[in-house]
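Novice: here's my sequence, what's the structure:
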Amino acid sequence: MQEYWQFYVLALLCEVIGTVSGFGSSILFVPLASMFFEFKYVLGITAVFHVFSNLSKIYFFHKGIDKKILLQLGIPAILFVALGAFLTTFINQKKLELAMNIMLLALSIYLVFNINKKLKMSNKNLVIGGVASGFLAGLVGTGGAIRGLVLASFSLEKNVFLATSALIDLGVDSTRAVIYINNGFFKKEFLITIPFLIAVSIIGTWIGKRILAHVNEVLFRYIVIITIIATAIFQTVNYFK
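Specialist: Below is the predicted model of the structure:
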């Protein structure tokens, strides 16, 4: 797997952008990995990579963890990621991914034009966001974008956003990684990728943190939303090719 040096370089770029944009690199990493691997293996590799990616973010941003969000959004996300991952063998993920990208695009555009509006951080909104992001993470591998939109709508401080999202993601990715591996989505020959992916996650998160030190809170929210818009457009166009 060392011959995939282009894959690792692009994965590093995804990790940097994922850190700066706040919701992790999965929404970028999934289409990237799809250029190199069959889709079911993309799900397995993404889950394993994100375990290390989230550990890196927790280390660099741990002071920002919000316990309320962690419990009320995180627990539903972890529970429903298992259901989504289980259903991957029965549902056409590609069509669902298209529908999700169209929905993300519409919601993101709305938030761009309502950037100063704040969603009430109620128990109901947290639970709904957790269920949706966890289920989609298990099913199509990119639930972090849904969670990113939910957290962005709460106008969270960037360190709180990153640390809390990463800790939730760690539970989500650990859960689906186990299921994907049991379903044969991560073959033994992919084990060689692990040291490279660990290095990518640490270096990419560190670079992202350095960049974020020069980004204010309003700009951070715009970055989150615009990154999701750009990726949703790219993946929608790519679907019809």
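Novice: what pLDDT, on average, does the lengthiest helix in the chain get?
Specialist: Longest helix in the chain, counting residues (DSSP state H): helix 158-182. Mean pLDDT, computed over helix 158-182, is 82.
Novice: pLDDT below threshold where in the chain?
Specialist: Low-confidence segments of the chain, defined by pLDDT under 70, span residues 1-3, 23-24, 26-27, 92-93, 115, 141-144, 241.
Novice: what do you get if the cut-off is 90, keeping everything else the same?
Specialist: Along the chain, segments meeting pLDDT under 90 span 1-11, 13-15, 17-54, 61-126, 128-197, 216-241.
Novice: related to what we said a few turns ago, so how far is the longest helix of the chain from its chain's centroid?
Specialist: Taking CA atoms, centre = their mean, to the nearest Å, one finds helix 158-182 lying 8 Å from the centre of the chain it belongs to.
Novice: tell me the buried residues in it?
Specialist: Neighbour-count burial for helix 158-182 flags 158-177, 179-180 (criterion: 16 or more other CB atoms under 10 Å). Every C-beta, even on glycine, is put in place using the N, C-alpha and C of the backbone.
Novice: show me what that helix is packed against.
Specialist: Packing partners of helix 158-182 (3 or more CB pairs under 8 Å, 6 or more residues apart in numbering; DSSP states H and E): helix 39-61, helix 67-72, helix 74-86, helix 123-140, helix 144-153, helix 217-239.
Novice: remind me what the fifth one packs against, helices and strands.
Specialist: Packing contacts for helix 144-153, counted by 3+ CB pairs under 8 Å, 6+ apart, involve helix 26-33, helix 93-112, helix 123-140, helix 158-182, helix 217-239.
Novice: at 6 Å what do you get?
Specialist: helix 123-140, helix 217-239 (3 or more CB pairs under 6 Å, 6 or more residues apart in numbering; DSSP states H and E).
Novice: can I get that helix in PDB, CA atoms only?
Specialist: C-alpha atoms of helix 144-153 as PDB (Å, rounded to 0.1, in the frame of the first residue of the first chain):
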ATOM      1  CA  GLY A 144     -20.200  14.400  10.300                       C
ATOM      2  CA  ALA A 145     -21.600  17.000   7.900                       C
ATOM      3  CA  ILE A 146     -25.000  16.700   9.500                       C
ATOM      4  CA  ARG A 147     -23.500  17.100  13.000                       C
ATOM      5  CA  GLY A 148     -21.400  20.000  11.700                       C
ATOM      6  CA  LEU A 149     -24.500  21.800  10.500                       C
ATOM      7  CA  VAL A 150     -26.300  21.200  13.800                       C
ATOM      8  CA  LEU A 151     -23.300  22.400  15.900                       C
ATOM      9  CA  ALA A 152     -22.800  25.400  13.600                       C
ATOM     10  CA  SER A 153     -26.400  26.400  14.000                       C
END
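Novice: now the angle from that helix to helix 93-112?
Specialist: Relative orientation of helix 144-153 versus helix 93-112 (axes from the mean of the first three to the mean of the last three CA atoms, to 10 degrees): 20 degrees.
Novice: next helix or strand past the longest helix of the chain?
Specialist: helix 193-212 (DSSP states H and E).
Novice: list the buried residues of stretch 219-233.
Specialist: Neighbour-count burial for stretch 219-233 flags 220-221, 223-225, 227-232 (criterion: 16+ other CB under 10 Å).
Novice: on that earlier part again, could you dump the helices and strands packed on helix 158-182 into a markdown table and include distance to residue 196?
Specialist: Formatted as a markdown table, the helices and strands packed on helix 158-182 follow (distance: least, CB to CB, whole Å):
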| stretch | distance to residue 196 |
| --- | --- |
| helix 39-61 | 10 |
| helix 67-72 | 30 |
| helix 74-86 | 24 |
| helix 123-140 | 23 |
| helix 144-153 | 21 |
| helix 217-239 | 23 |
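Novice: closest one to residue 204 among these?
Specialist: Smallest distance to residue 204 across those (CB to CB): 7.6 Å, for helix 39-61.
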